[in-house]
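Enquirer: Build me a model:
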Amino acid sequence: MRNAPTILHLDMDAFYASVEQASKPSLRGKAVIVGGLGPRGVVATASYEARIFGVHSAMPMAQARRLAPNAAYLVPRFSIYRDVSERVMGLLRELSPLVEPLSLDEAFVDLEAGGVAWDAESVRLVGVKLRSDIRTATGLAGSVGLAASKMVAKIASEQAKPDGMVLIEPGTERALLGPMSVRVLPGVGPATGDHLRRAGIHTVEEIAEAGEDELVRLLGKAHGHALYAMALAHDERPVVAEREAKSVSVEDTYDVDIHDRVRVGLEVQRLADRCVRRLRGAGLSGRTIVLKVRRYDFSTLTRSETLRGPTDDPAVVREAAARLLDGVDTTGGVRLLGVGVSGLADYTQEDLFAQAAGAVEGVGGDADEGELGLSGATVTSEGDGGGVGGGEEGRAEEQPAERRWHAGHDVRHAAYGHGWVQGSGVGRVTVRFETPDSGPGRVRTFRVDDPALDVAEPLPLVSGWGEASAAAQGEAPVVRG
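Expert: Residues are numbered from 1 along each chain as shown. A predicted model of the protein is given here:
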């Protein structure tokens, strides 16, 4: 363990919802819920104002609507989330070469490796400045935890929420952890927590008191040893700058079960193409093609096929996925489909089965989602519906004229300028015209096919990115020790 709290954990507060509030002045201070809005959607993020009503991430959207019927319900805008994330991660990389992103809104930083901090006071100053720089660059708040280990730094950032900073002095970790629930430790989920509770173990201190042998008896050798070490605040895991991806995949959940076998096949082809685009975007290829099918009764089947060598050819991936689908019974309907590639490499083997029969027929290459002409049930990407994973790309449409106006997404009107969709239905779309630096805007309603209304790119949350940081805002950090 280190003798200085030089590991920093940053967690952006209610990230998706906070971005939406920063983009939309009329939603600031109000309950905002982001996620899949279909019957099977789930909550990706809820603002702190929405959490008062009991809404939380991964909750079914239908339940959230019952708890907070007057909240603003928005479809995720991943392009702006990624842009803001890149800006935040750029600030972290200015502090150290060792930055370990865990998601778009969360990362560990080894401050010692960057030479910017070496004791509690220098660490505290770095944390204060980082929070100020993030607010200046993005207009958003991030909570910071500082400690001598990754585990305690993450726990500290949870204590700091929202919009705070907590520093845990080395040597005080056990006193901090002791009274906490066992669920605070990494790897203790509902099942392990219930197992420990039945054994009379409810707190971290009780884990330490039970002893290593008892934990091994209860949980097995590997888990028992690891849990005992964590209860003693022993965590030697380093901050790893690059975490090697094990697979690339996309998934779609459907509001209405798909029964047509031809439609299922077209969906699998579309997912295969999206997966390959993501694979190529990461500069990777893979040997194993994986198909995931969740049927009407929630049973989930996974099938895989390993090729002779790695590929990033969309025709090869499409044909492999189609072969895998041939062996799956979809009678009764399908509610989720996914295509993935594993066994990743940074090179390809050019001649794989003559690059699939499609290449002979001149059908190879990247295909846009619209080229497949999909229609029918609304498709909600799992990434759009609650952060389960999978694609954040748009939904397929049968004809370009049949535009869909997703709640929260950006639009521009020829006369009224930039705005965002408040809702749509019965041939009408309601738009609120406002920008991040305006006041709350006016609401107007148009026909869904109004030629003066078009989709638009998100506007920057703040102007002057790259300018000098403003003074720190918010409460003074809490220092424990």
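Enquirer: Correct me if wrong, but residue 344 is in a strand.
Expert: Yes: the assignment for residue 344 by DSSP: H, G, I helix; E, B strand; the rest coil puts it in a strand.
Enquirer: could you check the distance from it over to residue 463?
Expert: 39 Å (CB to CB, to the nearest Å). (Each C-beta comes from the backbone N, C-alpha and C, glycine too.)
Enquirer: for residue 437, same thing?
Expert: Where residue 463 is concerned, residue 437 sits at a distance of 7 Å (CB to CB).
Enquirer: if we can go back for a sec, please identify which of residue 344 and residue 463 sits among more neighbours.
Expert: Under the criterion of other CB atoms under 10 Å, the comparison of residue 344 against residue 463 puts residue 344 first, with 18 against 9.
Enquirer: and that one, what does it touch?
Expert: 244, 245, 246, 247, 248, 284, 285, 286, 310 (CB atoms under 8 Å, 6 or more residues apart in numbering).
Enquirer: now residue 334
Expert: Shown in contact with residue 334 (CB under 8 Å, 6+ apart): 254, 257, 258, 259, 264, 293, 294, 295, 296.
Enquirer: let's see 6 Å
Expert: Residue 334 sits next to 258, 264 when contact means CB atoms under 6 Å, 6 or more residues apart in numbering.
Enquirer: That one pairs with what?
Expert: Beta-bridge partners of residue 334, counted by DSSP bridges, are residue 258, residue 295.
Enquirer: What of the one 5 residues further on?
Expert: Judged by DSSP bridges, the bridge partners of residue 339 are residue 250, residue 291.
Enquirer: Go ahead and confirm it touches residue 272.
Expert: Yes: the pair residue 339 / residue 272 is scored as a contact, 4.8 Å apart, by CB atoms under 6 Å.
Enquirer: Now for the two: what residues contact both?
Expert: Shared contacts of residue 339 and residue 272, defined by CB under 6 Å, 6+ apart, comprise residue 321.
Enquirer: out of the two, which sits in the more crowded spot?
Expert: Comparing residue 339 with residue 272 by neighbour count (other CB under 10 Å), the higher total belongs to residue 339, at 31 against 26.
Enquirer: Give me the pLDDT value at the more buried one.
Expert: With respect to pLDDT, residue 339 has a value of 96.
Enquirer: do the same with residue 403
Expert: For residue 403, pLDDT reads 72.
Enquirer: List the contacts of it.
Expert: Applying CB under 6 Å, 6+ apart to residue 403 gives no contacts.
Enquirer: Any stretches of the stretch 251-400 of the chain with poor pLDDT?
Expert: For the stretch 251-400 of the chain, the stretches with pLDDT under 70 are 347-400.
Enquirer: now with 80?
Expert: Applying pLDDT under 80 to the stretch 251-400 of the chain flags the ranges 346-400.
Enquirer: Not counting residues beside it along the chain, what's closest to residue 255?
Expert: Nearest residue to residue 255 in three dimensions, chain neighbours excluded: residue 38, at 3.9 Å (CB to CB, 6 or more residues apart in numbering).
Enquirer: mind checking how far that neighbour is from residue 407?
Expert: 12 Å.
Enquirer: What number of residues are in the vicinity of residue 443?
Expert: 13.
Enquirer: Name whatever forms a beta bridge with it.
Expert: Residues in beta-bridge contact with residue 443 (DSSP bridges): residue 432.
Enquirer: surely it meets residue 434?
Expert: No: Residue 443 is beyond contact range of residue 434, at 9.6 Å (criterion: CB under 6 Å).
Enquirer: Please report phi then psi for residue 309.
Expert: Torsion angles at residue 309 (phi, psi; degrees, to the nearest 10) stand at phi -160, psi 170.
Enquirer: One more: residue 170?
Expert: phi -60, psi 140.
Enquirer: Likewise for residue 39?
Expert: Dihedral angles (degrees, to the nearest 10) for residue 39: phi -60, psi -30.
Enquirer: Grab the nearest non-local neighbour of it.
Expert: Spatial nearest neighbour of residue 39, chain neighbours left out: residue 255 (5.4 Å); criterion: CB to CB, 6+ apart.
Enquirer: And stretch 71-78, end to end?
Expert: Separation of the first and last residues of stretch 71-78 by CA to CA, to the nearest Å is 21 Å.
Enquirer: who touches that stretch?
Expert: The contact list for stretch 71-78, computed with CB under 6 Å, 6+ apart, reads 16, 20, 27, 31-34, 37, 44, 50, 384, 392, 406-408, 458.
Enquirer: quick one: buried residues of the lengthiest helix in the chain?
Expert: Longest helix of the chain, by residue count under DSSP state H: helix 261-281. Across helix 261-281, burial judged by 16 or more other CB atoms under 10 Å covers 263-280.
Enquirer: What of stretch 437-444?
Expert: So, applying 16+ other CB under 10 Å, buried residues of stretch 437-444: 441, 444.
Enquirer: tell me how far that stretch is from the chain's mean position?
Expert: 29 Å (CA atoms, centre = their mean, to the nearest Å).
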